[in-house]
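Chemist: Got a sequence here, can you build the structure:
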Amino acid sequence: MDKVVNLCKRRGFVFPGSEIYGGMASSWDYGPLGVELKNNIKKLWWKKFVQERDDMVGIDAALIMNPKVWEASGHLKNFTDPLVECKKCHSRFRADQTSGLIYSEKKLDSGMAEQILSLVPETKCPECNEMWILDKTLETPKQFNLMFKTFIGPAEESANIAYFRPETAQGMFVDFKNVLNTTRKKIPFGIAQIGKAFRNEITPGNFIFRTREFEQMEIEYFIRETDWKKSFEYWLEEMKKWMKLIGLKDEDLHFAEIPDDERAHYSKRTIDIEYKFPFGQDELYGIAYRGDFDLKNHQEKSGQDLSYQDLLSGEKFLPHVIEPTFGVDRTFLAVLLAAYKEEPAKSAEGEDEERVVLKLPQEIAPVQVAILPLSKKDELSSVAQKIAQDLRKNLVVEYDETQSIGKRYRRQDEIGTPFCVTVDFDSLQDEAVTIRERDSMKQERIKIKELENYLSEKFK
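Modeler: Just a heads-up that it's a prediction; the model follows:
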């Protein structure tokens, strides 16, 4: 994990947020290469799940919605984590993720949840090492709502309270009728969205794995209730195909069926797709059968008819929903971890060395082709610059003429560039260049006039 984090900072994938001011906990900025990789992941996802299908449309809903949306969805009441606080150092922790703490939920008549805490002998604060004794050195656990609160307008009054969305899903539910009326889609069909969500996590961490600001790629697929089992299995298989497409291996994945008492309040079946991260196996994606919970609640709270009517049979009903959810930032991290390799190699002088290489799938590599003139001399750089300019029409190209060719190869290996094109002095005579393939390091001589077609075939 440390090696990948170091590479991300050193090569411009991810930077600490607000670093010149000492940073901010759980805040990260995507650098020049990181934004390319992230955008490529999103483009590939959108192409596969939206553009290549005739049963899917997309939307881009607002980040701040009417607060009544979150009342209807249950987030104002149920979107909480158990919080404990050390009385000595005043550090706060999630009770369900703190070593030595065991908790369970007991539902009260009010609908709120009370945390009942059992302390394992000799439980200590992870920060100050204080021995924890409930109600003496440890505060009684409380429920902490994860919604980010803000205010609409100049006055910070309760009537002006609004919230940053904690998920993208509700935008698709409240726009369901508008989408239905404008697209005339027939059940089954889906609405997809890629966008930011915000959760006031108590204990974020593990680099970009758990942050307060994150991005989701999400689908709400509307079906008849009788078809939910078949549809659930179908979308689970589609998620498996996606993970294979982005280079995640089966042996690093685990599919966890969530039991009844641990599922979200809206879910009738949930599977968490977990990935073997260096810090442990944890959730990467999820798929849930939400039933008609959301449309039914929004219909009741808004007074609007959100039902679907079959034009042929006249049948009218509230659709049920299958929800595949993909975290963009966690995908980014898993892809980097899966692609990161350390391999024996030979230097330009023929000496044994180790190379670091990101074996990223070609479809998402931040740089597709690097153009490397062997020398900075004008006769070579002019040819190399012309090649780079021509290839940029269809490919993402990086031009690099600093340091030795061996070091430049290593630099491109580290950022996952699939192909390097070297322009040497022979190129001035034979009008050909050397193409080096990242994974095998094999080299091939290609005529400059054939280069564009050659690379187009490689990236087809």
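
Chemist: C-alpha from now on. contacts and neighbour counts both.
Modeler: Fine.

Chemist: Can you give the domain ranges for the chain?
Modeler: The chain breaks down by automatic domain parsing into domains covering 2-73+148-335, 80-145, 367-458.

Chemist: Do me a favour and get the end-to-end distance for the second one?
Modeler: End-to-end distance of domain 80-145 (C-alpha to C-alpha, to the nearest Å): 4 Å.

Chemist: Ser347 is nearest to which of the domains of the chain?
Modeler: Closest to Ser347 of the domains of the chain, according to C-alpha to C-alpha: domain 367-458, at 6.5 Å.

Chemist: Three-state assignment for the residue lying closest to Ser375 once chain neighbours are set aside, please.
Modeler: Of all residues not flanking Ser375 in the chain, Glu401 sits nearest, at 6.9 Å (C-alpha to C-alpha, 6 or more residues apart in numbering). For Glu401, the secondary structure call by DSSP: H, G, I helix; E, B strand; the rest coil comes out as coil.

Chemist: so what's the backbone phi/psi at Glu401?
Modeler: With angles defined as degrees, to the nearest 10, Glu401 sits at phi -130, psi 20.

Chemist: Can you name the residues that contact it?
Modeler: Leu372, Pro373, Leu374, Ser375, Lys376 (C-alpha atoms under 8 Å, 6 or more residues apart in numbering).

Chemist: Derive a ChimeraX selection command for the buried subset of those.
Modeler: With 16 or more other C-alpha atoms under 10 Å as the burial test, the buried ones among those are selected in ChimeraX as follows:
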select :372,373,374,375
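
Chemist: got any ranges where the stretch 51-200 of the chain has weak pLDDT?
Modeler: 95-122 (pLDDT under 70).

Chemist: hey, where'd the strands end up in it?
Modeler: 56-58, 64-65, 80-85, 92-94, 101-107, 113-119, 142-145, 148-151, 161-164, 189-198 (DSSP state E, counting those that start in this stretch).

Chemist: elements contacting the second one?
Modeler: The reference is to strand 64-65. strand 161-164 (3 or more C-alpha pairs under 8 Å, 6 or more residues apart in numbering; DSSP states H and E).

Chemist: Would you mind confirming that Asp310 makes contact with Lys316?
Modeler: Yes. Here Asp310 lies in contact with Lys316, judged by C-alpha atoms under 8 Å, at a distance of 6.4 Å.

Chemist: Tell me the residues that contact both of these two, please.
Modeler: Here Asp310 and Lys316 have no joint contacts, going by C-alpha under 8 Å, 6+ apart.

Chemist: How much space separates the residue lying closest to Lys196 once chain neighbours are set aside from Lys42?
Modeler: Distance criterion C-alpha to C-alpha, 6+ apart; nearest residue to Lys196, sequence neighbours excluded, is Glu215 at 4.2 Å. Going from Glu215 to Lys42 by C-alpha to C-alpha gives 10 Å.

Chemist: For stretch 400-410, buried residues please.
Modeler: Neighbour count says stretch 400-410 has Asp400, Glu401, Ile405, Arg408, Tyr409, Arg410 buried, by 16+ other C-alpha under 10 Å.
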